[in-house]
Every structure is written in structure tokens, then in C-alpha cells.
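**Student:** Sequence first, predicted model second:
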Amino acid sequence: MRRAYWSADFAEAHVVEAMLRAHGVQAWVFDALLVRQDWFKTLMFGGYRVMVADEDGMRAADVIGEYRAGTLAIADDAVERPACPRCATPGRDDPAPFRRVFALMITADLVLALGFRLATGSSAEMLALVLGGSVVVVPVIALVFTRYLKGRYVCPQCAMRWRALSASFATMAREVDAATDVDAGAKGEAAP
């Protein structure tokens, strides 16, 4: 066995594993449970290793090269996007909410640091400690605004901004069941 890829990101390692398997290369993510137990030491453990058989090494290197070059990316027009409510043009992701939340996080960080500095009159070392502590505050703000960021689109033609709510899992499951029943009936088979 040989290492074909490594990542410090758990999800990316599994994406590469699935991508290799989709291209006919047997791949496995090694050390996933070990690294996840103490993720502060991810780099010390060597990250998440994607391993392949020796005979599949060259094929895996080719597929990973295509992945890194971006040739395996899905074409933008192949991605299903909701239509604009005003003009029915397919929308694209709206970056404005992300920019607003990012500006809010930076402002909160600066206010926190400045407020601590004015309240205590402390040295630069304490200011650095507060800025480091705000690393905890910033993700909390991001978690609070996660719902605000999801499903935001902008129309490239009329510049309308809207939020498309996704269907619940139960609704999607019912749609799949209904489509399966229709497919089974069309083939003359009994529905499971």
C-alpha cells in the first residue's frame, strides 16, 4: 500500500477517497479515528492519509492530478440553482451576506480589543491575549448568523436578491417515494 494523498481536513480526505473509488481505484482513509481523537495534533500524526494499492498508484496520481488542476469540477451551468422570482433567470450565490457577517466579526473583534484596552490600560501583551481570545468570539458570531447565510441568491440579470428555502428531508423522501412508485408502475412491477 502507498499513500496517494493526505489532508489535514477530514471531509476532504473522504471526498478524495470517494473520487478515487468513482474512478475505479480502491482507496481507504487511514488514521481517521486516531487523528479525530486529538485533532490539535493533526499535522504531527501526518493528517488523514488516503491509501491505495501499489498497482493503483499511477492511476491514483493521475486522478488526483486532475482533481488538483480543477478538471474534475462540475461545470457551473450543470449546477441546479433556483430561478429568480422576478425574471426566472437561474440565480447565483450571493456574496453580500458573507461580507456583512465578516465585517461584523472584524468590528466585534476590534471593539472587544479596544474596550479591553481602554478598560484596563494594559500592555500590548494583554491586547494580543484579548485578540487571541476573540478567536473564540468570532466563530460564535458566525454560528449565530449561519441561518442568515444559507440559501442566499442574487439574479445576474435583474440583480434581485432572495432566499430560497430548501425542502425538509421528509418532503424530499416523499417525493422520492412517489417517483419510485410511478417508475415501478410504469414498468409493470410491484412497488416495494
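**Tutor:** Great, that's in hand.

**Student:** contacting residues around Ala88?
**Tutor:** Contact criterion Cβ atoms under 8 Å, 6 or more residues apart in numbering gives no residues in contact with Ala88. For glycine as for every other residue, the C-beta is placed from the backbone atoms N, C-alpha and C.

**Student:** Now do it, the pLDDT please.
**Tutor:** Note for Ala88: predicted pLDDT of 86.

**Student:** That one looks like it's in a helix, true?
**Tutor:** No: with DSSP: H, G, I helix; E, B strand; the rest coil as the criterion, Ala88 is coil rather than part of a helix.

**Student:** hey, C-alpha coordinates of the host helix or strand of Arg68 in CSV?
**Tutor:** Assigned by DSSP states H and E, Arg68 falls within helix 57-69. Provided in CSV are the C-alpha atoms of helix 57-69 (Å, rounded to 0.1, in the frame of the first residue of the first chain):
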residue,chain,number,x,y,z
GLY,A,57,-0.6,4.2,-7.5
MET,A,58,-0.1,5.7,-11.0
ARG,A,59,-3.9,5.8,-11.8
ALA,A,60,-4.5,7.4,-8.4
ALA,A,61,-1.8,10.0,-9.1
ASP,A,62,-3.4,10.8,-12.5
VAL,A,63,-6.9,11.2,-10.9
ILE,A,64,-5.5,13.4,-8.0
GLY,A,65,-3.6,15.5,-10.6
GLU,A,66,-6.9,16.1,-12.4
TYR,A,67,-8.6,17.0,-9.1
ARG,A,68,-5.9,19.5,-8.2
ALA,A,69,-6.0,21.0,-11.6
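
**Student:** And the next helix or strand past that helix?
**Tutor:** strand 92-93.

**Student:** What pairs with that following strand, parallel or antiparallel?
**Tutor:** Using DSSP bridges, strand 92-93 pairs in its sheet with strand 152-154 (antiparallel).

**Student:** Packing partners of the helix or strand following the partner strand?
**Tutor:** Tracing the chain C-terminally past strand 152-154 and defining elements by DSSP H and E, one meets strand 161-163 next. If you count contacts as 3 or more Cβ pairs under 8 Å, 6 or more residues apart in numbering; DSSP states H and E, strand 161-163 packs onto strand 152-154.

**Student:** The strand it packs on - what's its average pLDDT?
**Tutor:** pLDDT averaged over strand 152-154 gives 88.

**Student:** And the chain, what are its domain boundaries?
**Tutor:** Split into domains by automatic domain parsing, the chain comes to 2-73, 93-187.

**Student:** Quick one, which of these gets closest to Cys87.
**Tutor:** Comparing those against Cys87 with Cβ to Cβ, the closest turns out to be domain 93-187 (4.9 Å).

**Student:** Output the domains of the chain in CSV; the columns should cover mean neighbour count and distance to Glu80.
**Tutor:** What follows is the domains of the chain, written out as CSV (neighbours: other Cβ atoms under 10 Å; distance: least, Cβ to Cβ, whole Å):
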stretch, mean neighbour count, distance to Glu80
domain 2-73, 15, 16
domain 93-187, 12, 11
